[in-house]
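Novice: structure for the following, please:
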Amino acid sequence: MDTYKTIVTSVEEVIFKEKSSKFLGYAFPITSEEEIKAHLEAVKKAHFSARHWCYAWQLGYGTTQRYRTNDDGEPNNTAGIPIYGQIQSFELTNVLVVVVRYFGGIKLGVGGLVQAYKTTAQLTLQEVEIVEKLITEELIISFEYPLMNKVMRVVKEQNLSISHQLLTENCVLHLAIRQSDFIKVKEIFSNLFGVHIIEED
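Specialist: Sure, this is the predicted structure:
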C-alpha cells in the first residue's frame, strides 16, 4: 500500500447531547505534534469552562505511524480510545479529533461515556472531506542544462511531480515519486548518461 487517507479541512463543534451532558467534536488535519499542541490550546481557550477536553491523534503511515489518546480526567479508556477507534474505523491518519464535554450533572457511567465519545467522534468524522494521498519518496537529480529535454521526457512519461527545482547551468530537481515506483524511476535516471543522483545524508 502506497496511499493513505486523511482529511482536507477542519470541522468544528459537531454537537452530541446525552443526559444533559453536551459533547462538541472537532477534527483537524495535522502534520506535526506542534500543530496538535496549537489546536488543543485553541480548543481549550474557546471552551475554558468545559469539564473535559479528550482527544486522539494519528500521524504518519506504515512503519512510521504513531498515535496518542487522552482521557483528560474521564475514567480510563472511556474517551481517548473510543475516539481513536473512530479514526481507525475511517482509516485515517494525519488527523486530530478532540471531543469537549460540558458535564450536565447526570453521570453517564463507563458504558455511557464510551458510547458518547465514540458517537461524537463518528459524527464529527462524517462531516469531514476525506482524500486519498500518495506516499512518496524524494529523489534529487542533477544534470547540465542541455539534458533538460531528456530529463523532462522521463518526468512526463513516469508522471512525476517536481517539488523543487534549481535551473542554472547545472540543474537540480527534487522529484516526489510514488513509493512503489521509486526503485524503477531511480534506475531510469541512473542509466541516463549525464544525470547524477544526489544521495542525502
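
Novice: CA only for contacts and neighbour counts going forward, please
Specialist: OK.

Novice: and A56, how many residues sit next to it?
Specialist: Using other C-alpha atoms under 10 Å, A56 has 26 other residues around it.

Novice: OK, contacts around it?
Specialist: For A56, the contact set (C-alpha atoms under 8 Å, 6 or more residues apart in numbering) comprises 67-70, 80-81, 83-84, 96-98.

Novice: in the protein, what spans have low per-residue confidence?
Specialist: The chain contains residues with pLDDT under 70 at 1, 200-201.

Novice: show me where it has its strands.
Specialist: 3-7, 11-18, 21-29, 52-59, 66-70, 95-102, 130-134, 136-144, 161-166, 170-178, 196-198 (DSSP state E).

Novice: just checking: what are the partner strands of the fourth one?
Specialist: Right, strand 52-59. strand 66-70 (antiparallel), strand 95-102 (antiparallel) (DSSP bridges).

Novice: now those in CSV, with distance to S21?
Specialist: Below are the strands paired with strand 52-59 laid out as CSV (distance: least, C-alpha to C-alpha, whole Å):
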stretch, distance to S21
strand 66-70, 19
strand 95-102, 6
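
Novice: of all the ones you listed, which lies closest to K186?
Specialist: Between K186 and the strands paired with strand 52-59, the shortest separation by C-alpha to C-alpha is 28.9 Å, and it involves strand 66-70.

Novice: can you select the buried ones from the contacts of A56 in ChimeraX?
Specialist: In ChimeraX, a selection of the buried entries from the contacts of A56 looks like this (16 or more other C-alpha atoms under 10 Å):
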select :69,70,80,81,83,84,96,97,98
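
Novice: if we take the contacts of A56, which one ends up nearest to E18?
Specialist: Taking C-alpha to C-alpha as the measure, I83 is the one of these closest to E18, at 16.3 Å.

Novice: for that closest one, give me its contacts.
Specialist: By C-alpha under 8 Å, 6+ apart, the neighbours of I83 are 55-56, 69, 97, 117-118, 121-122.

Novice: what do you get for A121?
Specialist: Counted by C-alpha under 8 Å, 6+ apart, A121 has contacts 25-26, 83, 86, 97-99.

Novice: also Y26?
Specialist: Per C-alpha under 8 Å, 6+ apart, neighbours of Y26: 10-14, 97-99, 121, 124.

Novice: now these in a markdown table, with distance to E41?
Specialist: Converted to a markdown table, the contacts of Y26 look like this (distance: C-alpha to C-alpha, whole Å):
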| residue | distance to E41 |
| --- | --- |
| S10 | 15 |
| V11 | 16 |
| E12 | 14 |
| E13 | 15 |
| V14 | 18 |
| V97 | 13 |
| V98 | 11 |
| V99 | 13 |
| A121 | 19 |
| T124 | 19 |
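
Novice: alpha carbons of the longest helix along the chain, in PDB - could you do that?
Specialist: Across the chain, the longest stretch assigned as helix under DSSP state H is helix 109-126. Written as PDB, here are the backbone C-alpha positions of helix 109-126 (Å, rounded to 0.1, in the frame of the first residue of the first chain):
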ATOM      1  CA  GLY A 109     -21.400   5.500  33.600                       C
ATOM      2  CA  VAL A 110     -18.500   3.800  31.800                       C
ATOM      3  CA  GLY A 111     -20.600   2.400  29.000                       C
ATOM      4  CA  GLY A 112     -22.500   5.600  28.500                       C
ATOM      5  CA  LEU A 113     -19.200   7.600  28.300                       C
ATOM      6  CA  VAL A 114     -17.600   5.200  25.800                       C
ATOM      7  CA  GLN A 115     -20.700   5.400  23.600                       C
ATOM      8  CA  ALA A 116     -21.000   9.200  23.900                       C
ATOM      9  CA  TYR A 117     -17.300   9.800  22.900                       C
ATOM     10  CA  LYS A 118     -17.500   7.200  20.100                       C
ATOM     11  CA  THR A 119     -20.700   8.700  18.700                       C
ATOM     12  CA  THR A 120     -19.300  12.300  18.900                       C
ATOM     13  CA  ALA A 121     -16.100  11.300  17.100                       C
ATOM     14  CA  GLN A 122     -18.100   9.400  14.500                       C
ATOM     15  CA  LEU A 123     -20.500  12.300  13.800                       C
ATOM     16  CA  THR A 124     -17.500  14.600  13.500                       C
ATOM     17  CA  LEU A 125     -15.600  12.500  11.000                       C
ATOM     18  CA  GLN A 126     -18.800  12.000   9.000                       C
END
